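**Student:** The following comprises the amino acid sequence and a computationally predicted model.
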Amino acid sequence: MARIVRKKPFIRKRPCQFCLSKEPVVYIDYKNEEVLSKLVNLQGKILSSRITGTCAKHQRAVALAIKRARFVGILPYIGLVKRESKKETVKTEKVEKAE
Ligand SMILES: [Zn+2]
């Protein structure tokens, strides 16, 4: 039997931005809003290392820093919330039926 070998699509791994800097970053400051705001999406969620390219070691430090920043009030817990318009559509359907 011939084995089916699927080719993996080549994805270049993004280098970790904290490892790349000249001085090795050991501690990520929670007060540094500029850096932390880039690692959070619009909803206020922490972006995964798969997207940002941070290594496991620094991702842990980033998560800790973001959580601290949230507690202090620098970063929001929730950003823009997607509103589902399901309820509205149901209501309009009922109105149309009544008419
Ligand atoms: Zn790193």
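**Tutor:** Right, received. Where do you want to start? Residues are numbered from 1 along each chain as shown.

**Student:** residue boundaries of the strands in the chain?
**Tutor:** For the chain, strands defined by DSSP state E do not occur.

**Student:** Write out the residues of it neighbouring the ion.
**Tutor:** Residues of the chain lying near the ion by C-beta under 5 Å from the ion: 16, 18-19, 55, 58. Backbone N, C-alpha and C define where each C-beta goes, glycine included.

**Student:** Now list the buried members of those residues.
**Tutor:** Buried by 16 or more other C-beta atoms under 10 Å: 16, 18, 58, out of these.

**Student:** Just want the most central residue of this protein.
**Tutor:** Centroid-nearest residue in the chain: L47, 2.0 Å away (criterion: C-alpha atoms, centre = their mean).

**Student:** so how far is V72 from it?
**Tutor:** Applying C-beta to C-beta, to the nearest Å, the value for L47 to V72 is 20 Å.

**Student:** and the lengthiest helix in the chain, how far from the chain's centre?
**Tutor:** Longest helix in the chain, counting residues (DSSP state H): helix 56-72. From the chain centre to the centre of helix 56-72 is a distance of 12 Å (C-alpha atoms, centre = their mean, to the nearest Å).

**Student:** buried ones in that helix?
**Tutor:** Buried residues in helix 56-72, defined by neighbour count with 16+ other C-beta under 10 Å: 58-59, 61-62, 65-66, 68-70.

**Student:** by contact count, what packs against that helix?
**Tutor:** Packing partners of helix 56-72 (3 or more C-beta pairs under 8 Å, 6 or more residues apart in numbering; DSSP states H and E): helix 17-20, helix 33-38, helix 49-52.

**Student:** All set, thanks.
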